[in-house]
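Trainee: Quick check, what structure comes out for this input:
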Amino acid sequence: MYLDVADSSVLPYGWSRFANFNLTVLNKIDPKLSIRKDTQHQFTARESDWGFTSFMSLHDLYDPARGYLLNDTLIVEAEVNVRKMGDYWAYDSKKETGFVGLKNQGATCYMNSLLQTLYHIPYFRKAVYHMPTTENDVPSNSIPLALQSLFYKIQYTDTSVSTKDLTKSFGWDTFDSFMQHDVQELNRVLCEKLEDKMKGTAVEGTIQQLFEGHHMSYVECVNVDYKSTRKESFYDLQLDVKGCKDVYASFDKYVEVENLDGDNKYHAEQHGLQDARKGVLFTDFPPVLQLQLKRFEYDFTRDVMFKINDRYEFPLELDLDRENGKYLSPEADRSVRNLYMLHSVLVHSGGVHGGHYYAFIRPTLTDQWYKFDDERVTKEEMKRALEEQYGGEEELPQVNPGLNNTPFRFTKYSNAYMLVYIRQSDKEKVICNVDEKDIAEHLRVRLKKEQEEKERKRKEKAEAHLYTIIKVACDSDLSGQIGKDIFFDLVDHDKVTGFRVQKQTPFKAFKEEIAKELGIPVECQRYWIWAKRQNHTYRPNRPLTESEELQSVGFLKESSNKAYNADLKLFLEVNRSKDQKLPQRPPDKARDDILLFIKLYDPIKEEFRYVGRTFVKANGKPREILEELNEMAGFAPNQEIDLYEEIKFDPTIMCEPIEKNATFRACQLEDGDIICYQKTPTAEEIADCRFPDVPSFLEYVHNRQIVHFKRLEAPKEEGFFLELSKLHTYDDVVEKVALELNVDDPSKIRLTAHNCYSQQPKPQPIKYRGVDRLSEMLAHYTQVSDILYYEILDIPLPELQGLKTLKVAFHNNRTEEVSVLSVRLPKQSTIGDVINELKGKVERSSPHAELRILEVFYHKIYKVFSVNEKIENINDQYWTLRAEEIPEEELHMGANSRAIHVYHFSRDATQSHLLQNFGEPFFIVVHEDEALAALKERIKKKLQVPDEEFSKWKFAFVSLGRADYLEDTDIVASRFSKRDPYGAWEHYLGLEHTDTAPKRSHQVSQNRHTYEKPVKIYN
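Mentor: Got it, this is the predicted structure:
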């Protein structure tokens, strides 16, 4: 979901707007569950939209019980604050605070806040600097070097620093940088990775020395002499926020003793079941204590994550020796004083699905705090870092206090998420001095060069309006590029040497500079202006006139090139003596002289190169220059050759034979045109060569495409490369892939295109012969990819596309899921065919037991499929298909009996009027005069629920979300309509009890790419 500048197409050139904004998808059932994400962006013509690639799960969006999409209506709110550029961008963090920020790559604020925290632990920074790296390492491939480079730039540069090299060294792509992750998870993964990289080096063990503490778990019997202990290490501590007033209350809860008695006795070796006390105590705390606050928890009743915004206090000084060392084990070293000083507060602002991260840090543990918010660093008062990050609710001041109106309270969604404390006795060690002597020489040299280059570019940019870049192409540039870097036209100007010249410099002075630079006397230089033709080619058009050469270079640029801010592009014609050594004065150019450029093609070697240029007369004929062309190529003077004119190449190739006996004027040749030639091929050469003539070779080069093929199931793996043609058909491509993979049948190869924006496979594969050409496979809107993903199927794709694959969960008579089966049948098959297929795959209670298939969505039965229903249009992507035996009582149901829906439910913990369904729904037959008491016994028997647990269950008739509780004497059938033999899903018998079943990882959606990914560092 994105915010776009609606009028961007009509705004003036160079426009920009800076905005802070948030987007919210409203929850109509509970506004507290609304999903809100905020960010900031400088909108420009190139980036006129900005937002979130993964805002929320479609699975949650489409579920009516979640409350987002109701009555086919979704409410999205956008709050936009447009600010003046000067207000924001004029601020200089380094000047104001002495520190610089980190650039946000899209959704990397969580990483930025953690990196700033780690950087401002000097002992950690010094250890990173001392990790061995070499001058041959590349930051984007080496985590140690990338982190060293990042920390060096933070320490010594004056502007915000990019983290792209670091994320590339993690093995992340663009999609990873736009996917927000959990800062606590990243902290663990990064520290584990660095700990591994430090092994065998001088800084091995640094992570443990800084962050590792130990606690002891124990179980101690009350009535016998038995105690079991286990020592464990930790790098951070997860502290409860819910139900805890502050950090001390969380530690109290952490070491709280649990009594194991009654049904929960402890089994002690040699003593059997015993009453016991279970708990945790700390043997030692680390110098740097990282406390992860459990702001996010899982609600088992609603099957959702939610954020706890409760008020939670944390002290500036944390005394973990308090109350006579109540948190310490008997083995702890009591001589160590565990008094900690708050160093960093990492803040999360937003909801469970995203938000913004920033950090408050006091680098040297003084009273001065700083806020590190991506690129911006500001000085802050202590109150901003502490009290304002406690969370909870805040009361707005009353507008009219005398009216005794109720004050408005609102929840604070910005609150502390992670705390870093440094032990006071380790302050000197941890907050140590880090200077240039701690940084490897090669790293200092490399980074100083980078800084000097950056400064040079900055200065150039600032002075750009005073200078003109002149690109001078020579014969050597054409020889060096044609047949290697380029095949069409004459030169890639981006690879031509540029001269930065002040605009007021006379062109004659520039020529003198060239004479010194290239050793070509001024009188031997002739310059040609390049021109873009209507057919999109770019050729030398005409030589500069004497009057033009008297002008300044700035005037020449403006007059010759109408494109804004473009370079002045020239071709330098230098004629040399026969031995190609001494430059000579260029011959006078008559009106009928034509300058032609010459390329040579060798079909046997498939080699294409530039061999020179020549002047011809407009009324002359091509046959008059054949000997000259043969001499250029080193052929015999009488060698038969074929001539072609290279006319254009975009969007299609145009290369046509030249009539040797027509005049150059008749052939429509003019200054800057290109003649391509080759030996006239023999019949044998035509048969043997892949591309026997110039046009076929240029056609091949124009359509040549290197494609990177990756396995769909493992898109991060390297895969393989194939040289193909954009004109290759679907069959051509799969044949080449099958050959590479040693697959006998190419039709078993299925391809999936690449999404250029998410850098992931597209959700749907390419259908068999669904596209005509390779070029269509690689196209993605206005972009072109070079990646395709492949699968090797067990049956040919045309056959697979004629089949329908359904995932069906088979349940036993107790409603428990036994297995999930894939059924693959022709699309015209029916549900009856699916049932027949399942009968051979599942274990039934008897060979004669009948099956049925249900549509289940969010713990409710929405449909019982008819055996005659076609499977082609059944969508199992968002709901589960369930197969089960039809109970005998349903098959032999009397006229006055009927089957009703039975669902499990519990009440929402925060809103008791809301019912939350869970578990497996089912049908049960109710008889005309059957009381609830009898029906309960049958349900207990069916589900095999223990008596003690079943006695706690409540039974209710639920209609449209309202529960009417039943007594044992109530006649159940009287509550249900007889019109529908299977009842309606809105009316059901509800079983109210606590959901004690373990959470399943079974996904309803069969999408090939999930919404969220865990943090991974691949390298």
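Trainee: hey, let's count contacts and neighbours off CA atoms from now on
Mentor: Will do.
Trainee: Do a quick rundown of the strands in the stretch 751-900 of the chain.
Mentor: 760-761, 779-780, 783-784, 787-792, 803-811, 817-826, 851-857, 860-864, 880-885, 898-907 (DSSP state E, counting those that start in this stretch).
Trainee: closest one to residue 340 among those?
Mentor: strand 898-907 (43.2 Å; Cα to Cα).
Trainee: I'd like to know which elements that closest one is packed against.
Mentor: strand 915-926, strand 987-992 (3 or more Cα pairs under 8 Å, 6 or more residues apart in numbering; DSSP states H and E).
Trainee: circling back: and the strands of the stretch 751-900 of the chain: which comes nearest residue 392?
Mentor: Closest among these, using Cα to Cα: strand 898-907, at 24.9 Å.
Trainee: now that closest one, how far from the chain's geometric center?
Mentor: 42 Å (Cα atoms, centre = their mean, to the nearest Å).
Trainee: Can you tell me the strand partners of that strand and which way each runs?
Mentor: Under the criterion DSSP bridges, strand 898-907 sits next to strand 915-926 (antiparallel), strand 987-992 (parallel) in its sheet.
Trainee: need the ones you listed in a markdown table with mean neighbour count and mean pLDDT, can you?
Mentor: Formatted as a markdown table, the strands paired with strand 898-907 follow (neighbours: other Cα atoms under 10 Å; pLDDT from 0 to 100):
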| stretch | mean neighbour count | mean pLDDT |
| --- | --- | --- |
| strand 915-926 | 20 | 89 |
| strand 987-992 | 23 | 90 |
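Trainee: Adding distance to residue 743, write those out as TSV.
Mentor: Formatted as TSV, the strands paired with strand 898-907 follow (distance: least, Cα to Cα, whole Å):
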stretch	distance to residue 743
strand 915-926	43
strand 987-992	54
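Trainee: of those, which approaches residue 247 most closely?
Mentor: strand 915-926 (33.2 Å).
Trainee: Let me know the angle separating that closest one from strand 880-885.
Mentor: On the basis of axes from the mean of the first three to the mean of the last three Cα atoms, to 10 degrees, strand 915-926 is oriented at 30 degrees to strand 880-885.
Trainee: Give me the next element, helix or strand, following strand 915-926.
Mentor: helix 932-943 (DSSP states H and E).
Trainee: Show me what that following helix is packed up against.
Mentor: Using 3+ Cα pairs under 8 Å, 6+ apart: helix 932-943 touches no other helix or strand.
Trainee: List of residues touching it?
Mentor: 813-815, 926, 946, 950, 966-972 (Cα atoms under 8 Å, 6 or more residues apart in numbering).
Trainee: Just checking, which helix or strand succeeds it along the chain?
Mentor: Later in the chain than helix 932-943, the nearest helix or strand by DSSP H and E is helix 947-950.
Trainee: after that following helix comes which helix or strand?
Mentor: Helix 947-950 is succeeded, C-terminally, by strand 954-959 (DSSP H and E).
Trainee: Contacts for that following strand, please.
Mentor: So strand 954-959 is contacted by 963-967, 975, 986-993 (Cα under 8 Å, 6+ apart).
Trainee: buried stuff in that strand?
Mentor: By 16 or more other Cα atoms under 10 Å, the buried positions in strand 954-959 come out as 955, 956, 957, 958, 959.
Trainee: Which helix or strand contains residue 630?
Mentor: Going by DSSP H and E, residue 630 is part of helix 626-633.
Trainee: buried stuff in that helix?
Mentor: Buried residues in helix 626-633, counted by 16+ other Cα under 10 Å: 626, 627, 629, 630, 632, 633.
Trainee: Selecting buried members of the contacts of helix 932-943 in PyMOL, what would you type?
Mentor: Only the buried entries of the contacts of helix 932-943 go into this PyMOL selection, using 16+ other Cα under 10 Å:
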select buried, resi 814+815+926+966+971+972
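Trainee: Could I get the buried residues of helix 626-633 in a markdown table, plus columns for pLDDT?
Mentor: Shown next, in a markdown table, are the buried residues of helix 626-633 (pLDDT from 0 to 100):
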| residue | pLDDT |
| --- | --- |
| 626 | 96 |
| 627 | 95 |
| 629 | 96 |
| 630 | 96 |
| 632 | 94 |
| 633 | 95 |
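Trainee: Run the chain-centre distance for the helix holding residue 630.
Mentor: 57 Å.
Trainee: Now do the SS call for the nearest residue in space to residue 236 that is not next to it in sequence.
Mentor: Once flanking residues are discounted, residue 236 sits nearest to residue 290: 4.8 Å by Cα to Cα, 6 or more residues apart in numbering. Of the three states, residue 290 takes strand according to DSSP: H, G, I helix; E, B strand; the rest coil.
Trainee: how far away is residue 290 from residue 117?
Mentor: Look at residue 290 and residue 117: by Cα to Cα, to the nearest Å, they are 11 Å apart.
Trainee: what ranges of the stretch 451-600 of the chain fall below the confidence cut-off?
Mentor: 561-565, 579-580 (pLDDT under 70).
Trainee: the strands in it, which residues?
Mentor: Going by DSSP E, counting those that start in this stretch, the stretch 451-600 of the chain shows strands at 467-473, 498-502, 526-532, 538-543, 568-573, 575-576, 583-584, 593-602.
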